[in-house]
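S.K.: mind looking at a prediction? Sequence and model below.
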Amino acid sequence: MKINTVKRHFRESLKSLGRNSWMTIASVSAVTVTLILVGVFALIMMNLNKVASDLENDVEIKVLIDETAGKADEKALMEKIKKLPDIAEMTYSTRENELSKLVKDFGDDFKLFEQSNPLRNVIYVKASDPQQTAKVAKTIDKFNYTYDVMYGEGKVEKLFNFLNISRNVGIVLILGLLFTAIFLISNTIRITIIARRDEIEIMKLVGATNSFVRIPFLLEGMWLGILGSIIPIAVIATLYHNVYKIIAPRLKGELVQVLDFSPLVYQVSALLLLIGVLIGIWGSFMSVRKFLKI
Amino acid sequence: MIEMKNVTKKYPNGVVATNGISVNIKQGEFVYVVGPSGAGKSTFIKLMYREEKATSGEITVNGIDLASLKNKKVPFLRRQIGVVFQDFKLLPRLNVYENVAFALEVIEEEPAEIRRRVMEVLELVGLKQKARMFPNELSGGEQQRVSIARSIVNVPKVVIADEPTGNLDPETSWDIMNLFEEINARGTTIVMATHNREIVNTIRRRVIAVEGGMIVRDEHGGDYGYEN
């Protein structure tokens, strides 16, 4: 393609935005509205996901070591656990340590137990994939010198189940929203192109190749996508900035946290721009295709 | 130049528009295609620039075999053919100059060459003074001149016209015909579908009469042969 032709395509695509100004406004509005929805939803989803993984990561396995185990046996047990494939981290805690934690949590009444400590030495284990916790716990349970292995059986499964379902629901909703966006935007673009079918027909009759006809329309779709993603990006940035200011201080020191402004908002902005541009180009492509068959 | 052998066009709805047409049009000829409405004239003409694809039979235009021509190559066929329509098909948002230049822009001609050639054909059709005007500021005859200018600006071997005088008053029609004669005199083949009895009977040329999708008459210097 000649450089003059490339310039012409860009010039034509921009000119056509201005010439069909009403249709441009209609298409850009369609992109804007859907991208705002997608953007807000993406922010919510990513934060829910963060909360979910915070909860998941808090799940740990507590291995109570049998009282009959000597120092060497404990060491051997820890070595065995360490060799398991799905272990993220492992910490050892003596029975004295455990008792002082209890005292700290529940008060000095528990100091009574210092005379005869009923607790056992403990190994805390975290699975690298929290969803594998139950499996890892059962494996460890079979090892020698384990008195009991606890991981909140029942509750953990319920939590994971709930988180998985909400993730899937979120994905389905986002996909549905994207599908609606594609449909809405490509239809709007189609209307603008139908209004210009005579132009396409004449181009074809005087010997323009399909790509020559198509490229200005694709560029136009790209501009629509870019223009349409400006407002949504501004909206989600402002929105998140303000919501973060309200929520983040209240969650200080809590188990669950919301995501920071950066890089989340930049990621979502890039995603919106990308979606806008892709949908614009794709919408144009699908709409022009029909009229090229002359 | 244009050669058809046994060409049949059957539309998906079952209508047989041309039924085994064979014809041979030589370089530099001026051919009228006449016949009642719905006889297959338009299809016959559309087959030549591959707006329609023949169901069976052979078509060769300027040495290009249209049956085996890939869709991707159709634009290169069209660059050798100028097409003129009854309804002009000008782009309303472009002025006269731009409408004509459009045909050269889409084939990626050099800007300087475009300017030279457009002014040349506008001079030929007598619209050099109106280059900056828009189609809706022109009379029907002038619009048809622009459309003719566009069809010949890339120096095609053949100009195909589908009832070019159909929307024009008699006097303007004669002007347009004079223009076609001049183009033909320069060696360009002209194929023109028409309903204009007076023109066919006055400017005597080869007449191909199509009826029911078949050629019923093909004579040099023939008359229109139908009552209007």
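M.R.: That came through fine.

S.K.: what strand or helix carries residue A:153?
M.R.: Using DSSP states H and E, residue A:153 falls within no helix or strand.

S.K.: what's it in contact with, if anything?
M.R.: A:134, A:137 (CB atoms under 8 Å, 6 or more residues apart in numbering or on different chains). For glycine as for every other residue, the C-beta is placed from the backbone atoms N, C-alpha and C.

S.K.: check it and give its pLDDT.
M.R.: We note a pLDDT of 77 for residue A:153 in this prediction.

S.K.: mind checking how far it is from residue A:124?
M.R.: Going from residue A:153 to residue A:124 by CB to CB, to the nearest Å gives 16 Å.

S.K.: ranges for the helices of chain B?
M.R.: B:41-48, B:74-78, B:96-105, B:111-125, B:140-152, B:170-185, B:197-202 (DSSP state H).

S.K.: mind putting these in TSV, distance to chain A, mean neighbour count and mean pLDDT included?
M.R.: Converted to TSV, these look like this (distance: least, CB to the nearest CB, whole Å; neighbours: other CB atoms under 10 Å in any protein chain shown; pLDDT from 0 to 100):
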stretch	distance to chain A	mean neighbour count	mean pLDDT
helix B:41-48	10	22	92
helix B:74-78	4	20	91
helix B:96-105	4	23	92
helix B:111-125	7	16	94
helix B:140-152	7	24	95
helix B:170-185	16	16	93
helix B:197-202	24	16	92
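
S.K.: between these, which gets nearest to residue B:191?
M.R.: helix B:41-48 (6.6 Å; CB to CB).

S.K.: look at residue B:14 and say how many residues are nearby.
M.R.: 6 (other CB atoms under 10 Å in any protein chain shown).

S.K.: and residue 155, how many neighbours?
M.R.: No chain specified, so I'll use chain A. Residues near residue A:155, counting by other CB under 10 Å: 10.

S.K.: not what I meant, chain B
M.R.: Neighbours of residue B:155 (other CB under 10 Å): 12.

S.K.: how much space between it and residue B:124?
M.R.: Distance, residue B:155 to residue B:124, using CB to CB: 12 Å.

S.K.: could you do residue B:201 as well?
M.R.: Distance from residue B:201 to residue B:124, by CB to CB: 27 Å.

S.K.: can you give the domain ranges for chain B?
M.R.: B:1-80+B:156-228, B:88-155 (automatic domain parsing).

S.K.: between the ones you listed, which one is nearest to residue A:266?
M.R.: Nearest to residue A:266, of the domains of chain B and by CB to CB, is domain B:88-155 at 40.5 Å.

S.K.: now do the closest one: distance to the chain's middle.
M.R.: Centroid separation for domain B:88-155 versus its chain: 16 Å, with CA atoms, centre = their mean, to the nearest Å.

S.K.: that one: end-to-end distance?
M.R.: By CA to CA, to the nearest Å, the extent of domain B:88-155 from end to end equals 19 Å.

S.K.: tell me the SS of residue A:120?
M.R.: coil (DSSP: H, G, I helix; E, B strand; the rest coil).

S.K.: nearest spatial neighbour of it, chain-adjacent residues omitted?
M.R.: residue A:64 (4.6 Å; CB to CB, 6 or more residues apart in numbering or on different chains).

S.K.: and the one you found, what pLDDT?
M.R.: 89.

S.K.: you'd agree it is in a strand?
M.R.: Yes. Assessed with three-state DSSP, residue A:64 lies in a strand.

S.K.: distance of it from residue A:151?
M.R.: Going from residue A:64 to residue A:151 by CB to CB gives 12 Å.

S.K.: just want the most central residue of chain B.
M.R.: Centroid-nearest residue in chain B: residue B:160, 1.7 Å away (criterion: CA atoms, centre = their mean).

S.K.: ok, that residue - contacts?
M.R.: So residue B:160 contacts B:45, B:48, B:49, B:81, B:82, B:83, B:84, B:191, B:192 (CB under 8 Å, 6+ apart).

S.K.: so which of the residues you listed wins on neighbours?
M.R.: Within the contacts of residue B:160, most neighbours by other CB under 10 Å means residue B:82, with 29 neighbours.

S.K.: isn't residue B:65 right next to residue B:58, touching?
M.R.: Yes. In this structure, residue B:65 is within contact of residue B:58 by CB atoms under 8 Å, at 7.2 Å.

S.K.: more neighbours: which of those two?
M.R.: residue B:58 (15 against 11).

S.K.: show me where the stretch 1-150 of chain A has strands.
M.R.: With strands called from DSSP state E, counting those that start in this stretch, the stretch 1-150 of chain A shows them at A:61-65, A:87-93, A:122-127, A:146-150.

S.K.: let me have these in TSV, extended by mean neighbour count.
M.R.: Output for the strands of the stretch 1-150 of chain A, formatted as TSV (neighbours: other CB atoms under 10 Å in any protein chain shown):
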stretch	mean neighbour count
strand A:61-65	21
strand A:87-93	14
strand A:122-127	20
strand A:146-150	15
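
S.K.: quick one: those as a markdown table, columns for distance to residue A:214 too.
M.R.: A markdown table is the format used below for the strands of the stretch 1-150 of chain A (distance: least, CB to CB, whole Å):
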| stretch | distance to residue A:214 |
| --- | --- |
| strand A:61-65 | 59 |
| strand A:87-93 | 52 |
| strand A:122-127 | 52 |
| strand A:146-150 | 64 |
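
S.K.: which one of those lies nearest to residue A:39?
M.R.: strand A:87-93 (33.2 Å).

S.K.: interface residues of chain A facing chain B?
M.R.: Within reach of chain B by CB under 8 Å from any CB of the partner chain, chain A has these residues: A:1-2, A:4-5, A:8, A:19, A:198-199, A:201-210, A:212-213, A:294.

S.K.: closest one to residue A:273 among the strands of the stretch 1-150 of chain A?
M.R.: Closest among the strands of the stretch 1-150 of chain A, using CB to CB: strand A:87-93, at 35.7 Å.

S.K.: and the closest one, what does it pack onto?
M.R.: helix A:71-83, strand A:122-127 (3 or more CB pairs under 8 Å, 6 or more residues apart in numbering or on different chains; DSSP states H and E).

S.K.: buried stuff in the first one?
M.R.: In this case it means helix A:71-83. Using 16 or more other CB atoms under 10 Å in any protein chain shown as the test for burial, helix A:71-83 gives A:74, A:77, A:78, A:81.

S.K.: between the domains of chain B, which one is nearest to residue A:28?
M.R.: With CB to CB, the closest approach to residue A:28 among the domains of chain B belongs to domain B:88-155: 20.9 Å.

S.K.: distance of residue B:1 relative to residue B:193?
M.R.: On the measure of CB to CB, residue B:1 and residue B:193 end up 17 Å apart.

S.K.: quick one, which of these two is more surrounded?
M.R.: Between residue B:1 and residue B:193, counting by other CB under 10 Å, residue B:193 is the more crowded of the two (24 against 16).

S.K.: show me what that one is bridged to.
M.R.: residue B:33, residue B:162 (DSSP bridges).

S.K.: thought it was touching residue B:41?
M.R.: Yes. Judged on CB under 8 Å, residue B:193 makes contact with residue B:41 at a distance of 4.6 Å.
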